[in-house]
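*Asks:* Could you look at this predicted model? Sequence included:
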Amino acid sequence: MVGIQISKTSHLIAIRDLKEQEIVEILDYAKLIKQNPSHYHTRLKGRILALAFWEPSTRTRLSFETAMLRLGGSITGFSSSTGTSLEKGESLSDTITMLANYADGIVIRHPLRGSAKLAAEIAQKFEVPVISGGSGSQEHPTQALLDIFTIREYFGRLSGLNVALMGDLRYSRTISSLLLALSKFGRNTINLISHPSLRLQEDLRLDLKETNLEIIETENISEVISDIDVLYVTRLQKERFPDPMLYQKVKGSYQLHTSLLKSVKDTSLILHPLPRVDEIPYEIDRFPQAKYFTQAKNGVYIRMAILDQLLGGNFVE
Ligand code: NCD
């Protein structure tokens with residue numbers, strides 16, 4: 001089982017819904033797939049995945065497509081409202097109802113918080129699983145799974161780590177999901193590095209209070225850089241800023257300079273969900289700690305594991 005079960009159908013809507021054991025099962029299965037991807041090439045033969053993307057996407061949409069194709073399945077769907085009846089004003093609920101009539105699974109990305117949950121409630125009537133590809137600033141569960149898959153791949157564990165999250169901590173859904181994921185495993189230290197106006201959302205902060213995470217807030221990365229195991233950088237989520245003036249005020253304030261890299265441990269990882277804007281200059285790509293493209297590639301294995309589980313049935317060895 002992955003995620004929440006509504007009636008007979010399982011959906012992956014949020015990291016909040018997952019238990020540590022379920023997360024470990026997905027990571028272990030993705031690891032097996034990564035070792036021998038061709039072994040799984042007929043797992044979803046004859047199945048169709050619908051991609052319903054109301055927001056722009058490169059990695060999430062294309063890695064879901066790749067994952068489905070690598071499992072032997074097929075894809076349908078849309079990547080913007082252009083050319084669909086959304087332009088005529090069709091609702092989310094009617095759109096999901098139609099896709100649930102056509103396909104065996106749906107991945108949804110939508111600007112509203114709660115959108116994936118609503119889609120799951122609609123699609124479960126047809127016993128069609130829904131996977132969130134990002135719900136507004138709320139959560140992005142498959143991104144967090146590929147993030148922690150990458151962390152575990154390098155450190156062999158998901159506890160006892162010193163992690164720094166830098167950039168837009170307020171509107172970035174990848175930050176919310178990653179924090180919730182890390183909070184399920186042992187004790188980790190989290191350094192939050194952001195402009196004061198981009199600190200964590202209050203509801204998330206309250207939820208994390210109940211967990212094992214030790215949270216430290218700072219505005220200055222140089223105070224912590226030499227101690228961290230994982231530096232996770234995000235772009236400012238310009239499209240979610242309520243006031244464009246705020247974006248103008250804070251843009252460019254959190255950039256990783258090559259001079260800072262001198263202090264980073266050799267064994268550290270620099271991660272980013274991508275796309276980057278100006279937070280990580282291109283010169284940093286050549287540093288061995290820069291692993292954001294490996295991280296993005298791992299998204300295919302994680303999404304193969306999730307699709308196999310939700311659309312196909314049980315894990316195979
Ligand atoms: C992220 C997203 O859409 O939330 N992108 C992604 O899926 N890799 C991060 C972002 O857009 O900044």
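*Replies:* Now that the structure is in, tell me what you want to look at.
*Asks:* all contacts plus neighbour counts: C-alpha atoms, from now on.
*Replies:* OK.
*Asks:* Just give me the neighbour total for whichever residue of the stretch 151-300 of the chain sits closest to the ligand.
*Replies:* Using Cα to the nearest ligand atom, the point where the stretch 151-300 of the chain gets nearest to the ligand is Pro273, with a distance of 4.4 Å. A total of 21 residues lie near Pro273 under the criterion other Cα atoms under 10 Å.
*Asks:* repeat for the one 3 residues further on
*Replies:* Residues lying near Arg276 (other Cα under 10 Å) number 14.
*Asks:* what does the stretch 1-150 of the chain have sitting close to the ligand?
*Replies:* Neighbours of the ligand within the stretch 1-150 of the chain, by Cα under 6 Å from any ligand atom: Arg59, Thr60.
*Asks:* Leaving out chain neighbours, which residue sits closest to the residue of the stretch 1-150 of the chain found nearest the ligand?
*Replies:* Checking the stretch 1-150 of the chain residue by residue against the ligand with Cα to the nearest ligand atom singles out Thr60 as nearest, at 5.0 Å. Counting by Cα to Cα, 6 or more residues apart in numbering, Thr60 lies nearest to Gly133, which is 6.6 Å off, once chain neighbours are set aside.
*Asks:* you'd agree that neighbour is in a helix?
*Replies:* No. According to DSSP: H, G, I helix; E, B strand; the rest coil, Gly133 belongs to no helix; its state is strand.
*Asks:* was I right about it contacting Ile106?
*Replies:* No. In terms of Cα atoms under 8 Å, Gly133 does not count as a neighbour of Ile106; the distance is 9.8 Å.
*Asks:* which of those two has more neighbours?
*Replies:* The residue with more neighbours, out of Gly133 and Ile106 and counting by other Cα under 10 Å, is Ile106; that gives 31 against 28.
*Asks:* thought Phe73 was touching Phe64?
*Replies:* I think there's a mix-up here, since residue 73 is Gly and not Phe. No. Taking Cα under 8 Å as the definition, Gly73 is not a contact partner of Phe64, at 11.1 Å.
*Asks:* Comparing these two, which residue is more hemmed in?
*Replies:* In this comparison of Gly73 against Phe64, neighbours counted by other Cα under 10 Å, the higher total goes to Phe64 at 26 against 20.
*Asks:* Tell me who's in contact with that one.
*Replies:* Counting by Cα atoms under 8 Å, 6 or more residues apart in numbering, Phe64 touches Val300, Arg303, Met304.
*Asks:* Of those residues, which belong to strands?
*Replies:* Using DSSP state E, the subset of the contacts of Phe64 located in strands is empty.
*Asks:* And those residues, which is closest to Arg240?
*Replies:* Top of the list for closeness to Arg240, among the contacts of Phe64 and by Cα to Cα, is Arg303 at 25.9 Å.
*Asks:* how near is the closest one to the ligand?
*Replies:* Distance check for Arg303 against the ligand: by Cα to the nearest ligand atom, to the nearest Å, it reads 12 Å.
*Asks:* What number of residues are in the vicinity of that residue?
*Replies:* Should you count by other Cα under 10 Å, Arg303 turns out to have 25 residues around it.
*Asks:* what does the one 4 residues further on give?
*Replies:* Leu307 has 26 neighbours, counted by other Cα under 10 Å.
*Asks:* likewise His140?
*Replies:* 27.
*Asks:* correct me, but it touches Ile131?
*Replies:* No. Shown here, His140 and Ile131 do not form a contact pair, counting by Cα under 8 Å, at 9.8 Å.
*Asks:* how far away is Leu208 from Lys184?
*Replies:* 10 Å (Cα to Cα, to the nearest Å).
*Asks:* Please identify which of those two sits among more neighbours.
*Replies:* For Leu208 against Lys184, the residue with the higher neighbour count under other Cα under 10 Å is Lys184, and the figures read 21 against 16.
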